[in-house]
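S.K.: Would you be able to build a 3D model of this:
(5 chains, ligands or ions: 4)
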Amino acid sequence: MTIILDVRDLTKKFGGLTAVNNVTIGIEERSISAIIGPNGAGKTTLFNLLTGIYKPDSGTMLFNGRSLIGLRPDQVNAAGMARTFQSIRLFPGMTVLENVMVGMHSRLNISLPATLLRTPGFQIQEKKVKQKASDLLRFVGLAGKGDEVSRNLPYGDQRRIEIARALASDPKLILLDEPTAGMNPQESAAAMGLFRRVRDELGITVVLIEHDMKVVMGISEHITVLDYGQKIAEGTPADIRANPRVIEAYLGRRAAGTTEQEVSAEVEL
Amino acid sequence: QDDAKVIKIASQSPLSGPQSILGTAIRNGAELAIEQLSGPLTEMGFKVEFVPFDDQATPDVGVANANNLVNDPAILAVVGHLNSGVAIPSSEVYDANNLVMVSPANTNVNITDRGLPTVNRICGRDDTQGAAGAAFAASLEGVESVYVLHDTTAYGQGVAEFFASAAEEAGLTVLNVEGTTETANFDGVIQPILALDPDLIYFGGLYPQSGIFINQARAAGYEGFFMGPDGFDASDFAELAGEAGVGTYYTTVAAPPTFYPDAAQFIEDYQAKFGEDPQPFAAQAYDSAGIVLAAIAKAAEEAGGEAPTREAVAAAVRATENYDGITGTYTFDDNGDPELATYVILQVKSADPAEWSSNEVLDEFQAPSPLYAVMQSGEATPEATPGS
Amino acid sequence: MLDARPTVGAVSLRSLAEWIYRFILFPIGQMFVFVVGAAVVLTLFAYGLALLFPEPRPNIVLVDQVNRQLPGMIISGITTGFVYAMIALGYTLVYGVLKFINFAHSEIFMVGSVVGFEVMRRLDDAGNLPFWNPVLLIMLIILVAMLFSGLLAVAIERIAYRPLRGAPRLVPLISAIGISFFLIDFVRAFQAITRNDFNLTYPTNDLEWLRTPVKLAIGEGTVNVRPTQFVVVLGAVVTLIALNYFVNGTKLGRGIRAVSQDMTTAGLMGINVNRMVSLTFFVGGSFGGAAGALFGMNVGTVTPFVGFIPGIKAFTAAVLGGIGNVTGALLGGLALGMIEAFLNGLLVYFPALGQRYTDVFAFSVLILILIFRPSGLLGERVDEKV
Amino acid sequence: MTALLELQNVHTYYGHIHALKGVNLRVDEGEIVTLVGSNGAGKSTSLRTISGIARAKVGHVHLEGRDITGLKPHEVTALGVGHVPEGRRIFPLLTVWENLEIGAWNVSSRSVISSRMERVFELFPRLKERLNQKGGTLSGGEQQMLAIGRALMAQPRILLLDEPSMGLAPVLVEGIFDIIKQINAQGTTILLVEQNALMALEVASRGYVLQSGSIALQDTAHNLMNNEMVRRVYLGEN
Amino acid sequence: MATKSVSQSPWMNVRTTMRQPVVAGALLVAYILAALLILSNLDRGSLWFPLYSTLAFPALVLSPFIILASPVRTPLKVILVALLLFVAIPYLGMRDSSYLELIIQICIFAGLALGLNIVVGFAGLLDLGYIAFFAVGAYTWAMFTSQANTVFNINGWLVSGAAFYGFIFLGVVVAAVVGILLGLPVLRLRGDYLAIVTLGFGEMIRVIANNLDKPINFTNGSQGLFDVGRPPVPPLLYNSVVGAEAMLGFPIANATPLSQQLLFYFIAIGIIALIIIVARRLDNSPIGRAWTAIREDEVAAIAMGVPLVRMKLMAFAMGASFAGAIGVLYGAKQTFVSPESFSLIQSISILAMVIVGGIGGIRGALFGAVIVTLLNLLVLKNLSLQINALRNVDFIVPIINFHIRDWPTQLEPAKYERLIFGLLLIVMMIFRPAGLLPEPRRKMELLEAKGEEPVTVTAENPVVTAQPDAGKA
Ligand SMILES: Nc1ncnc2c1ncn2[C@@H]1O[C@H](COP(=O)(O)OP(=O)(O)OP(=O)(O)O)[C@@H](O)[C@H]1O
Ligand SMILES: Nc1ncnc2c1ncn2[C@@H]1O[C@H](COP(=O)(O)OP(=O)(O)OP(=O)(O)O)[C@@H](O)[C@H]1O
Ligand SMILES: [Mg+2]
Ligand SMILES: [Mg+2]
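M.R.: Residues are numbered from 1 along each chain as shown, chains lettered A, B, ... in the order given. Ligands and ions are numbered 1, 2, ... in the order given. Model prediction:
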């Protein structure tokens, strides 16, 4: 198996606070991994570092063998890493379809003359873009909602749009920040199915941050646990569930207990 | 009355904005003239109406107004403007439509130097005015260095630069020629002046700015002379400059009405009609409108009592000879400048605005327009010779 | 009330001392540091320039000129700077709470300066101006101007901004411009009708103490300081301290800050949001008014058009300091005032440039600063949390 | 007996979106009542309508028999309704202490404020340690504590809690529900909105199920937990 | 829920009939003809002329918007608009060239509003110095053609008016380059910080234009460049004007200035048509979508692969280039270019046009430009003229028996045009906050914003912050 994302000794400080502290993570290609940890552990910050929104203070990040240090977010996106946000950040006034079309920006040939002259090449591209956007919407289960203004859709649907928009740039890896937050169990189960299909059908590596243990334990092959910016554990779901440090800092006794039964039910799905 | 043929005369000047005091004076002066001097036309069966426009001291508005008023065939002449920057583009429109303009206030040389047949003025020119000021400054005891300041407008900068170059020729040291758009707090302008310590400060600009400047410069410790162009000439200057303004010298091409013996009646009528003293250019606007009315009457006579064409009016205005106005006697040269313009040098005597008319006349002379000078002497040195 | 400290308990001597430190000594110290800092930096710059261009014009030795001008430039920079700072506060407060540029604030400032004139004029007309105690007179003028401008700002918010809350950000900007046009011409009309003139000169002729400059002997020569310059600086310092206390030390100030961070939630806490917004406008407006009155006293003559330039400058100052930040407005105002004074003083000696380029250079400095500190000098440099 | 809080046929709109379509709901003194439902069902909107952030176009909200429909949020708060909004919404640039003080906006007596603050610190000792820290720099769990504590400062008679466990680490979720029980035991009535229906029904006495803007089901918590549909959809069982 | 009662009132019948395309088309034609006839037959000497022209002229100028909104079919719309632009308006211009002048001014502002709309409306960048690019265009042309430019004049570098069309293109290029040069350093700034920097830039350009008469005289400083060149009138146009005048039996007015004005008019609508096409094509393209995305959420946009600075630069340069082209036209039309025409107030009024019309929409920007320019240059002016005319005939207002002549001069309406303009701006914003012709998308945003949005604290969205904690210091 090849390592698609190789993060070593990554550190990010905010003033006196070290939000991410010497974190080393390797993500295997075509895997589904999770990053968990208490609130404020630095999970989202790690995503922000990877996608160029923050600049790391030290450490290296190799994506597909290429360093991500110093890249702007749009360059990271062009390099094949896409993301969603913890608090939904759609373009609220644009339609669902337009949102997804914007996601393709880094894959398009943007030429001012061609745009102004409406060259045949431009028109073909536009047609393809629309087609692909509708395909993606169908893929995430939003067929037929393309013309609605995105802010008017319910929360769960907005999460799906975000995923479709991230998928639009043909990424090799997708980062999902609490994609099922605020969903009820039925909805989360459906979302888990979607994540699996992203990996299985599109061949995209999935990394997600989640607090819902049913989702985390049910879907990920590999889990990394952060606490106070540091990696405190990593391994398979079974390892993590049993790790006393993780139980102490994050899971709590009850959650560690209950999830076990529920996950077994889940796996049969 | 309804069947009377209507003739309209328009005015263009800033009626709103910081310069509206002067602009309103032009408007009012013209209105008074039309009320009082249209007798000959009324007798011929015409009804003369007055149409004031606000050019907002802005070229675009002036041009838009100009385009509007050229389309009213009843309008046969324009009295205006105040600002040369507005007058120049607007007069292009007048000229394209043969509409005559008589300016009571535009001293910029480019107004008439373009040689347009429809553009005239009854005031003097900045080149002569600047030179006259410089010659006077050079003659002052103890003045060796001057600091020239202007308001960066076409008018202020124009006259200030003529002053500066003439001062240099007259042997004065010109320490600096500087522009400022400041209108209230001149601290920053004053500091380097104090450090350079000129004997005289010349301010090319209008009194709302220069009055405050002089007030503040004195308070900051400047002890030399102040001097300026006709833009200083308003009783409000005394109010704004206060005690600091006393002793200030200024040149003018449009002396205050009180300066002219013939204007006494005008002042009285003006006060009666508008409830205030005539501000600068009111009397000149009165005369400008008077010239226009006389020309229209002449052209109408030539047209056999019919309303004259604009071309005829323009030609009649340009042909004006020895028009006897309240501010002087006017004959136009071929460029539309008055052949002889009066230039006066005065000194502020009191900080009381009511005493403005008692400002002392230090010198007065008539200088020919450049064209007239050439005509007269046959040589090309349109140099004003102050102290005739 | 000494509710600024989180500890719960009786008011002790120690807490009083702490209060004095926090709300009086510290702000004064801060202003002092800003003023001295700006002066030192700019003085070094001036001498650096003199080293680079010893004789920018024939017969002019720049070092000598700088020596002569230095005290004057600094004093003028401080006075202008404090006025800018006080106006900038109005922009910053409103921006902080409603997130839009209150373009009408320059006219609120103008109204303050006109009201200051009216107060003095009326006293003068009644003939008792010379009998007023200087301190009381200045306080009266400032207070009336503050009250008037503050209420005006509240009224403007009520009429022209509140109905637009929730509209796109640019919409209130346009109604602010409308208000601005309206106020200028309204004041002009009012003055033209009542006084037949709108160049309004503060009647200081009878006030000997206000007209006699103080001569300070500094270095080679003497510098004349106008008493009004003292008044401006003193008045500004006092009002700025009061504002600092109000925003940071009182319950109402806390309410304003809460509203500025999250209006909806502030409402849930029992805060009457509209009242807080009105209060913000009142405070911001009254500072504009006070600045107007001080400005008027300092320059002597005001017009309905007097607000435009200081308004733009103060807005620039607010951005320079970091808009939304109260201390930033102070620093920005002082910095801009000082930079202008020095540019005005030095550009004169460079023949191809001159003072006409002061604004060009001042704006270039602003752009430079913003390139390196995109949120302004003191703006919180938040990497946006996503 | 009049209910402490009662919604009668409430319809609420956002622009053209019809979010609540005739909600009827009642909460009696001393109860914990929970409101469950999927995304966009209108749970938050119900709470927002009660506290006056959203406005009922049709229908009425009564507090102890008094009609509070259409009152402004600050007026509703003054009547004893506390609302912990979705997503915590603490004031990020105010300190913890200032946030709590804001919570007691309508209280002027210093001694009352300090005694209430002490009570909050008893519930959340963590907050006392962070007194001078800016709210925005707290961790998610601490922010949730602060949001609840802030609402308690007004000593509301009824506390509206909107998804207090959302986005919290599992270990914190337990703690939050313990605290809800504790607050209720001290005499505060609670209307609890939760995605985590299982835990919500465990602490609540009664519950409502909201489906696309109207009440689909209402019963005791115990019965709801055994309801087939609830088990499938909201408890995640097959 | 109140459902609309389907009453069969006579009015409803009329409405249904009017919605029939044929009827609507006929009504439109009748409407335009009526406005045209009234306008071209108004007697300037008549007492109520200002009032009538204030009513009839806007009716004519606004008719394209009515045509576009009408239920007639697209080809007919095109024909109607074309007839209006190429027949009705030139005809009116021959009758009274001041209307033509007004229309050219409207076109100039419409072009500017369309350009600014790309920057502010599409990309969400608040530019308060937009007029600077207009100035760049105007000076580009004026410097090379004005006799007053001593450098080029003396060195024989002046170009002839025939170069005008090339210079329009040059104006586009120069303005775009200036836009990029300014944009590069400042476009990373957010929101209102950009506003102040662009405002400063606008002032800088003006100051530089005012002072670039020294050391080398490029701009003639405050005196302005006069005698600016004009494109030569094609003989065809001139002959048609003469022919049309003869045919229509007009007294042959000044055919030369008229054909010159007509030329400018045609160039202006040409430029505007081009700008509209460009703006529409941009809007419906990946570029336009990227701009919308940036406007709605910069962070999300860049994370989705939209290169922020490059896209913003593109918006800035596009907007600037339109202003540059219009500037060249303006310089030639005005024949006088001075710094006074490029003040901050101008930038602000263009912004006002965009917002009053409805930000983000092409129709809105055009409509705003028409309305604001009409207000400024026609309605308010005519109001003053009307009162003046009534004063001249000593009109007495019936019922209250008020002599207009007694109206004090201090209150002359001509002096208070800006006051009224200000009031109108406020009223328009309060009653139509989304603009007079809002973009559907923007209108929706507004509706929903009423549902109280959370305020997120970000760098571009700061809040009142306290002093650094003094207690700890
Ligand atoms: N822009 C920033 N400025 C200052 N501090 C920040 C910033 N972004 C994050 N932090 C801090 O860094 C720490 C880690 O935050 P992060 O958002 O990565 O946590 P998280 O693990 O995603 O938590 P949660 O599960 O609650 O989302 C927190 O203490 C947070 O307050
Ligand atoms: N500010 C708003 N503007 C427009 N529509 C809104 C707004 N807030 C909520 N809605 C819509 O109203 C409906 C009800 O939303 P509400 O927030 O009450 O749902 P909820 O049950 O709280 O869901 P969640 O579990 O996602 O919090 C949804 O369709 C939602 O999209
Ligand atoms: Mg996170
Ligand atoms: Mg909710």
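S.K.: okay, CA-based contacts and neighbour counts for the rest of this
M.R.: OK.
S.K.: Let's see the pLDDT reported for residue C:94.
M.R.: With respect to pLDDT, residue C:94 scores 88.
S.K.: That one - how many residues pack around it?
M.R.: A total of 27 residues lie near residue C:94 under the criterion other Cα atoms under 10 Å in any protein chain shown.
S.K.: Quick check: it touching residue C:105?
M.R.: No. Shown here, residue C:94 and residue C:105 do not form a contact pair, counting by Cα atoms under 8 Å, at 9.5 Å.
S.K.: Up against ligand 1, what does chain A have?
M.R.: By the rule Cα under 6 Å from any ligand atom, the part of chain A lying against ligand 1 is A:14, A:19, A:38-45.
S.K.: Swap in 8 Å and give it another go.
M.R.: With Cα under 8 Å from any ligand atom as the criterion, chain A comes near ligand 1 at residues A:14-15, A:17-20, A:36-47, A:86, A:178, A:210-211, A:226-229.
S.K.: Could you tell me which of these count as buried?
M.R.: A:18-20, A:36-47, A:86, A:178, A:210-211, A:226-229 (16 or more other Cα atoms under 10 Å in any protein chain shown).
S.K.: Narrow those residues to those in helices?
M.R.: A:43-47 (DSSP state H).
S.K.: Make a markdown table out of those and add pLDDT and distance to residue E:358.
M.R.: Shown next, in a markdown table, are those (pLDDT from 0 to 100; distance: Cα to Cα, whole Å):
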| residue | pLDDT | distance to residue E:358 |
| --- | --- | --- |
| A:43 | 92 | 42 |
| A:44 | 90 | 39 |
| A:45 | 91 | 39 |
| A:46 | 95 | 42 |
| A:47 | 95 | 39 |
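S.K.: Relative to chain B, which of those residues is nearest.
M.R.: Among these, residue A:45 lies closest to chain B (Cα to the nearest Cα), at 49.7 Å.
S.K.: quick one: contacts for the closest one?
M.R.: The contact partners of residue A:45, by Cα atoms under 8 Å, 6 or more residues apart in numbering or on different chains, come to A:19-20, A:54.
S.K.: Next, see if stretch C:353-369 gets close to chain B.
M.R.: Yes. Interface with chain B: stretch C:353-369 contributes C:354-356 (Cα under 8 Å from any Cα of the partner chain).
S.K.: which other residues reach that stretch?
M.R.: Stretch C:353-369 is contacted from outside by B:178-181, B:189, C:320, C:336, C:339-340, C:343-345, C:347-348, C:376-377, E:186, E:197, E:200-201, E:203-204, E:207-208, E:211, using Cα under 8 Å, 6+ apart.
S.K.: Mind giving me the ChimeraX command for buried ones among those?
M.R.: To isolate the buried members of these in ChimeraX, using 16+ other Cα under 10 Å:
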select /B:178,179,180,189 /C:320,336,339,340,343,344,345,347,348,376,377 /E:186,197,200,201,203,204,207,208,211
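S.K.: Just the buried positions in the helix or strand hosting residue C:26, please.
M.R.: Using DSSP states H and E, residue C:26 falls within helix C:26-52. Neighbour-count burial for helix C:26-52 flags C:26-28, C:31, C:34-35, C:38-39, C:42-43, C:46-47, C:49-50 (criterion: 16+ other Cα under 10 Å).
S.K.: Now the residue of chain A found nearest ligand 2: phi and psi?
M.R.: Distances between chain A and ligand 2 by Cα to the nearest ligand atom are smallest at residue A:154, namely 4.1 Å. Backbone torsions of residue A:154, given as degrees, to the nearest 10, read phi -70, psi 160.
S.K.: Quick check: closest non-adjacent residue to it.
M.R.: Using Cα to Cα, 6 or more residues apart in numbering or on different chains and skipping the chain neighbours, the partner closest in space to residue A:154 is residue D:40 (5.2 Å).
S.K.: Compute the distance from the centre of the helix holding residue C:26 to the centre of its chain.
M.R.: When distances are taken as Cα atoms, centre = their mean, to the nearest Å, helix C:26-52 is centred 19 Å away from the chain's centroid.
S.K.: So the next helix or strand after that helix, near chain D or not?
M.R.: Using DSSP H and E, the helix or strand that follows helix C:26-52 towards the C-terminus is helix C:62-98. No. Applying Cα under 8 Å from any Cα, one finds helix C:62-98 separated from chain D by no less than 12.2 Å.
S.K.: tilt between helix C:62-98 and helix C:26-52?
M.R.: Angle between the axes of helix C:62-98 and helix C:26-52 is 140 degrees (criterion: axes from the mean of the first three to the mean of the last three Cα atoms, to 10 degrees).
S.K.: quick one: helix C:62-98 near chain E?
M.R.: Yes. Helix C:62-98 reaches chain E (Cα under 8 Å from any Cα) through C:92-93, C:95-97.
S.K.: Is the residue nearest to residue A:154 in contact with residue D:195, as I believe?
M.R.: No. Residue D:40 is beyond contact range of residue D:195, at 11.3 Å (criterion: Cα under 8 Å).
S.K.: what about the two, which has more around it?
M.R.: Neighbour count, other Cα under 10 Å: between residue D:40 and residue D:195, residue D:195 has more, with 25 against 18.
S.K.: for the closest residue to the more buried one other than its chain neighbours, phi and psi?
M.R.: Spatially, and ignoring its direct neighbours in sequence, residue D:195 is nearest to residue A:184 (5.5 Å; Cα to Cα, 6+ apart). Per-residue torsions, residue A:184: phi -90, psi 170 (degrees, to the nearest 10).
S.K.: who touches residue A:184 in this structure?
M.R.: Applying Cα under 8 Å, 6+ apart, we find residue A:184 in contact with D:37-39, D:195-196, D:233-236.
S.K.: With residue B:314 instead?
M.R.: Taking Cα under 8 Å, 6+ apart as the test, what residue B:314 contacts is B:98-100, B:117-118.
S.K.: My reading is that residue A:217 is in a helix; is that accurate?
M.R.: Yes. If the criterion is DSSP: H, G, I helix; E, B strand; the rest coil, then residue A:217 is within a helix.
S.K.: any idea whether the residue nearest to residue A:154 is helix, strand or coil?
M.R.: Of the three states, residue D:40 takes coil according to three-state DSSP.
S.K.: Could you chop chain E up by domain?
M.R.: Under the assignment automatic domain parsing, the domains of chain E span E:17-95, E:99-362, E:439-473.
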